[in-house]
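# What follows is a predicted protein model with its sequence.
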Amino acid sequence: MAVDKIVRESEHTMSSAVDFLKQSLRGVRTGRASTGLLDGLKVEVASYGSTMGIKELANVAVAEGNVLVIKAFDPSTLKDIERAIEKSDLGINPQNDGKVIRLPVPPLSTERRNQLVSHVKDVAEQQKVAIRNVRRDANKAIEAAKKEKTITEDDADRAEKQTQDLTNKYTKQVDDLVEEKRKEIMD
């Protein structure tokens, strides 16, 4: 039935928006060292002639509490990795000893914590808008099917209610993720 397909596609797209938010939040710095800080880091490797993700070039681990250790698979790429970290907006100065790069994660100031919370809320709001856009598109498709008489009024009402329930569910998940990340940043 067309209604079930519309609802399924809407749920899939809303779920993707929440997954995207989870991925985005992994890269937001908190007071603790986390390998997720470097997940989005792209390194331009001159000797390879391409841009690569950090995970393709090195092992990243947390050591000594608040220190990230980056051990490159190919030691010749250490300078490129170091340069990429310096250019990024992480605000952490890498320490390169020729074998590994150490990233001491300093504690965050209150001002910086507030900026990060604001950034998290902005990213979350973008995903909420995406979820509401999915709802709007689903409702348009339901209305079109109702006008074409391919579905009944009752099916249309049921589908609109299901779509609204999905919207509420995924919006709540976004809010929960934001609150969790806010607590993590402020601790």
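Sure thing, it's come through. Residues are numbered from 1 along each chain as shown.
# going forward, measure contacts and count neighbours with C-alpha atoms only.
Will do.
# packing partners for the longest helix along the chain?
In the chain, with assignment by DSSP state H, the single longest helix is helix 110-147. Taking 3 or more Cα pairs under 8 Å, 6 or more residues apart in numbering; DSSP states H and E as contact, the helices and strands that helix 110-147 lies on are helix 2-26, helix 153-186.
# what is the mean pLDDT for it?
Averaging pLDDT along helix 110-147 gives 92.
# orientation of that helix relative to helix 153-186 in degrees?
Helix 110-147 and helix 153-186 are oriented at 170 degrees to each other (axes from the mean of the first three to the mean of the last three Cα atoms, to 10 degrees).
# tell me which residues of helix 110-147 are tucked away?
Going by neighbour count (16 or more other Cα atoms under 10 Å), the buried part of helix 110-147 is 113, 116-117, 120-121, 123-125, 127-128, 130-132, 134-136, 138-139, 141-143, 145-146.
# Next up, the contacts around the residue nearest the centre of the chain.
The residue lying closest to the centre of the chain (Cα atoms, centre = their mean) is residue 24, at 1.7 Å. Contact analysis of residue 24 by Cα atoms under 8 Å, 6 or more residues apart in numbering lists residue 123.
# how far away is it from residue 40?
To residue 40, residue 24 is 9 Å away according to Cα to Cα, to the nearest Å.
# per-domain residue ranges of the chain.
Listed domain ranges for the chain are 2-26+109-186, 35-104 (source: automatic domain parsing).
# averaging pLDDT over each of those domains, which comes out lowest?
The minimum mean pLDDT among those belongs to domain 35-104 (a mean of 84).
# Just the terminal-to-terminal distance for that domain.
End-to-end for domain 35-104, by Cα to Cα: 12 Å.
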